[in-house]
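Undergrad: Okay, here's the prediction I keep looking at, along with the sequence it came from:
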Amino acid sequence: MLVKQKIRFCLRDAVATAQGKGDLPPVELPEIVIEHPQDAIHGDFACGLPLKLARSMSLPPMNIAHEIAKYLSLPAEIARFAIAKPGFINFTVQNTWLWNQVETILSEGESYGNLDLGKGMRIQVEFVSANPTGPLHVGHGRGAVLGSTLANVLSAAGYQVKTEYYLNDIGTQIDNFRQSLYARYLQSQGKNVALPEEGYMGDYMIALAEDICQEYGDKLLNMPEEKALLEIGQIGLEKILENIKEDLELLGVDFDVWFSEKTLYQEGQYNEAMAMLRNKSCVVEKENAVWIETSTLGEDKDNVLVRGDGSPTYFASDIAYHYDKFARRGFQRVIDIWGADHQGHVPRVKTAMAALGIDPAQLEVITYQLVTLRRGGEIVRLSKRSGDIVTLRELLEEVERDACRFIFLSRSADSQMDFDVELAKRKSADNPVYYVQYAHARIASILRLAEQKNIQYNQGDVSLLTSDPEMTLIRSLVLLPETVEIAATALQPHYLTYYAQDMATVFHSFYKQCRVISNDRALTQSRLKLVEATKIVLSKTLHLMGMSAPEEM
RNA sequence: GCGCCUGUAGCUCAACAGGAUAGAGCAACGGCCUUCUAAGCCGUAGGCUGUGGGUUCGAGUCCCACCAGGCACACCA
């Protein structure tokens, strides 16, 4: 159990005791929030509970604090507490506990920081899921980094995580893609044909068509259009999917499952979900189409499930898909990561889940704001169909993977993001990620030197670590578990980037002030333990973020 | 027009479900390498947290109104 939690309990018990003895009025307790004071002078943990209780108890906060204090029985990790105006109770941890944590980190290695929050619960994280009709663009990169990091974090927090990419391999856009590609192919073969009105206009389609010409020649010319369309569509899809997979690999992202939309129609999920909706009588036929009456379920309007031409909409597929996640595969929680342009879709899907008898709270959708791309001062507009896009590949050819991940990760999903390609390229060398990795490499270098000098330190005495830089460093190390906790609970992996930077700052400062390998044999051994623990924590944090922890730079 | 997100230092962003003096990086300025990596350290400067009300012992954070930007409101996905 985290120390934070133990403090929470000891406060709760103290209030209950005080209330039992009649020293405090019997009011209901609010949630007890334990935080880290900004100023170290106030100790390691702080709680403003007396302030929160002042109103309901009609007593001055300082009086409440003193009453609580009378009955506090401190957990072993805490050395002392203090009451501070206007009504805080501050706690300071035992040095022995901090020293023990260094040993704990050394013995646990990179499993340090892992938690049992999820208790093995099965959770799915679905992300990217871009249509295989064109290359990934920069925005998809953001979703990919967000999703893969979140999956790592949840896994560390004790969930059984599966990652998934939903492949839209059927439907209107795929038909459109086929026709666009076929037109480009015919053009490559010297035919004078026009592209479909709303077709995919990007130059990559020309390159793709030429690529197919190289490989297949005029083979597709000599077959009926119907057949050629299907054939070329399949070939094109596979090639683009291959590209998408390469892009994701460059970004260090992979998936446990690639889920094909088409299979929803082949394996019955679609029919089952639709039948269930009909049974709940929230499906009607009107205006020559099949609708779900979402308006009677709390939405603004009804939505079409099956078009006039008999083909299901994306929404219908999505209902079947999520039905599959919960009803067939039994995930207890599902996290979807979508671009903000799908924002409006969230309540509809949740409403449909409720109609299927699935608790909508089991589905959590994280929408990330769109990436605005700049080249210098100029804004680049993104549109796959018009083709004027900056691809993820283009970005990755210019900006290194770890740097790219760090930039995407260091903004909260809610905030719109400016990604200046020029800047990212130019500044790649002083991106914060290198600052963090440099700290790791520096430690590796110290440990190499210790090895060269044949210094054994497993008998090192960590209680020799008493100076400010040393204790500050240990205090930073022990924040890893709660950083994982908050990132996993809030589903906000950007906390990791800030923790990583803090860790590096504290280490670099320690490094400047404390020589590790010195003539003081005993101190050398204890400091070697400390820096090795630091290396573990840095490495773990970098790995959670999907970045490398280099031994040298 | 309805809804969602955002507005914090010159720029890019944080602020741990309301807390103590709002923090980093970059850019600017001034110092620090005969010792384990200077991709580093130490310091200076930079703010009416978009505006106006409200709730609270306490508001960047919650509520209302307004201003500005983004997204979305399809028988596209």
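TA: Structure received.
Undergrad: which secondary structure element contains the residue in the stretch 51-200 of chain A positioned nearest to RNA strand B?
TA: The stretch 51-200 of chain A approaches RNA strand B most closely through A:Leu51 (3.1 Å), counting by CB to the nearest atom of the strand. The C-beta positions use only the backbone N, C-alpha and C, and glycine is treated the same way. Applying DSSP states H and E as the criterion places A:Leu51 in helix A:49-57.
Undergrad: quick one: low-confidence parts of chain A?
TA: Counting by pLDDT under 70, chain A contains low-confidence ranges at A:376-389, A:426-427, A:429-430.
Undergrad: Next, count neighbours for the residue nearest to the residue of the stretch 51-200 of chain A closest to RNA strand B when sequence neighbours are not counted.
TA: By the measure of CB to CB, 6 or more residues apart in numbering, the closest residue to A:Leu51 outside its immediate chain neighbours is A:Gly87, 4.2 Å from it. Neighbours of A:Gly87 under the rule other CB atoms under 10 Å: 21.
Undergrad: Pretty sure A:Gly87 sits against A:Ile68.
TA: No - assessed by CB atoms under 8 Å, A:Gly87 is found out of contact with A:Ile68, at 10.1 Å.
Undergrad: Find the residues that touch each one of these two.
TA: Here A:Gly87 and A:Ile68 have A:Pro50 as joint contacts, going by CB atoms under 8 Å, 6 or more residues apart in numbering.
Undergrad: Show me the residue at the heart of chain A, geometrically.
TA: When chain A is reduced to its mean C-alpha position, the closest residue under CA atoms, centre = their mean turns out to be A:Leu150, at 2.8 Å.
Undergrad: wait, that residue sits on A:Leu491?
TA: Yes - contact between A:Leu150 and A:Leu491 holds when scored by CB under 8 Å: they sit 6.3 Å apart.
Undergrad: Now do the buried residues in stretch A:239-249.
TA: Of all the residues in stretch A:239-249, those buried under the rule 16 or more other CB atoms under 10 Å are A:Lys239, A:Ile240, A:Asn243, A:Ile244, A:Asp247, A:Leu248.
Undergrad: CSV please, covering these and showing distance to RNA strand B and secondary structure.
TA: Below are the buried residues of stretch A:239-249 laid out as CSV (distance: CB to the nearest atom of the strand, whole Å; DSSP: H, G, I helix; E, B strand; the rest coil):
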residue, distance to RNA strand B, secondary structure
A:Lys239, 19, helix
A:Ile240, 14, helix
A:Asn243, 17, helix
A:Ile244, 14, helix
A:Asp247, 18, helix
A:Leu248, 18, helix
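Undergrad: Quick check: residues of the stretch 351-500 of chain A near RNA strand B?
TA: Applying CB under 7 Å from any atom of the strand, we find that the stretch 351-500 of chain A lies next to RNA strand B at A:367, A:369-370, A:410-412, A:414-418, A:427, A:429-430, A:432, A:434-435, A:438, A:441-442, A:444-446, A:449, A:482, A:486, A:489-490, A:492, A:494-495, A:498.
Undergrad: Filter these down to the ones in helices?
TA: Using DSSP state H, the members of those that fall within helices are A:432, A:434-435, A:438, A:441-442, A:444-446, A:449, A:482, A:486, A:489-490, A:494-495, A:498.
Undergrad: ok, back up a step: and the contacts of the helix holding A:Leu51?
TA: Contact with helix A:49-57 is made by A:11, A:15, A:24-25, A:27-30, A:32-33, A:59-62, A:64-65, A:68, A:86-89, as judged by CB under 8 Å, 6+ apart.
Undergrad: Now the element after that helix, going C-ward?
TA: Following the chain from helix A:49-57 toward its C-terminal end, the next helix or strand by DSSP H and E is helix A:61-70.
Undergrad: just the CA coordinates of that next one, formatted as CSV?
TA: As requested, C-alpha coordinates have been extracted for helix A:61-70 and formatted as CSV (Å, rounded to 0.1, in the frame of the first residue of the first chain):
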residue,chain,number,x,y,z
PRO,A,61,-9.8,24.7,11.3
MET,A,62,-6.9,24.9,13.7
ASN,A,63,-9.1,23.6,16.5
ILE,A,64,-10.1,20.7,14.4
ALA,A,65,-6.5,20.0,13.5
HIS,A,66,-5.6,19.8,17.1
GLU,A,67,-8.4,17.5,17.9
ILE,A,68,-7.5,15.2,15.1
ALA,A,69,-3.8,15.3,16.2
LYS,A,70,-4.7,14.0,19.6
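Undergrad: can you give me the helices in the stretch 451-553 of chain A?
TA: A:468-477, A:480-490, A:494-513, A:521-544 (DSSP state H, counting those that start in this stretch).
Undergrad: May I have the residues that are in contact with A:Asp336?
TA: Listed by CB under 8 Å, 6+ apart, the contact partners of A:Asp336 are A:Glu126, A:Phe127, A:Leu363, A:Glu364, A:Val365, A:Ile366.
Undergrad: Tell me the most packed of the residues you listed, by neighbour count.
TA: For these, neighbours were counted using other CB under 10 Å, and A:Phe127 has the most, 27 neighbours in all.
Undergrad: can you tell me which residues contact that residue?
TA: With CB under 8 Å, 6+ apart as the criterion, the residues that contact A:Phe127 are A:Gly143, A:Ala144, A:Leu146, A:Gly147, A:Ser148, A:Thr163, A:Glu164, A:Tyr165, A:Asp336, A:Ile337.
Undergrad: quick one: which of these sit in strands?
TA: A:Thr163, A:Glu164, A:Tyr165, A:Asp336, A:Ile337 (DSSP state E).
Undergrad: from those residues, which is closest to A:Met201?
TA: Nearest to A:Met201 among those, counting by CB to CB, is A:Tyr165 at 25.3 Å.
Undergrad: Just give the closest residue to the closest one, not the sequence neighbours.
TA: Using CB to CB, 6+ apart, the closest residue to A:Tyr165 is A:Phe255 (4.6 Å).
Undergrad: Repeat that for A:Thr96.
TA: With CB to CB, 6+ apart as the criterion, A:Thr96 has its nearest non-adjacent residue at 7.3 Å, and that residue is A:Ser463.
Undergrad: Then A:Leu29?
TA: A:Val15 (6.2 Å).
Undergrad: got it, and A:Val421?
TA: Distances taken as CB to CB, 6+ apart put A:Arg375 closest to A:Val421, at 5.5 Å, once the chain neighbours are dropped.
Undergrad: Okay, that neighbour and RNA strand B: tell me how far apart.
TA: Counting by CB to the nearest atom of the strand, to the nearest Å, the gap between A:Arg375 and RNA strand B amounts to 14 Å.
Undergrad: Can you give me every residue that contacts A:His66?
TA: A:Ile83.
Undergrad: That one and A:Leu49, how far apart?
TA: In this view, A:His66 and A:Leu49 are 13 Å apart by CB to CB, to the nearest Å.
Undergrad: again, but for A:Asn243
TA: When distance is defined by CB to CB, A:Asn243 is 56 Å away from A:Leu49.
Undergrad: Walk me through the domains of chain A.
TA: Under the assignment automatic domain parsing, the domains of chain A span A:3-93, A:172-250, A:431-544.
Undergrad: so which of those gets nearest A:His342?
TA: A:His342 lies closest to domain A:172-250 among the domains of chain A, at 14.3 Å (CB to CB).
Undergrad: Could you tell me the end-to-end distance of the closest one?
TA: For domain A:172-250, the separation between the terminal residues is 30 Å (CA to CA, to the nearest Å).
Undergrad: try stretch A:21-30
TA: Calculated as CA to CA, the first-to-last residue distance of stretch A:21-30 is 20 Å.
Undergrad: need the helices for the stretch 101-250 of chain A, in chain order.
TA: Under the criterion DSSP H, counting those that start in this stretch, the stretch 101-250 of chain A contains helices at A:138-156, A:172-188, A:203-216, A:225-250.
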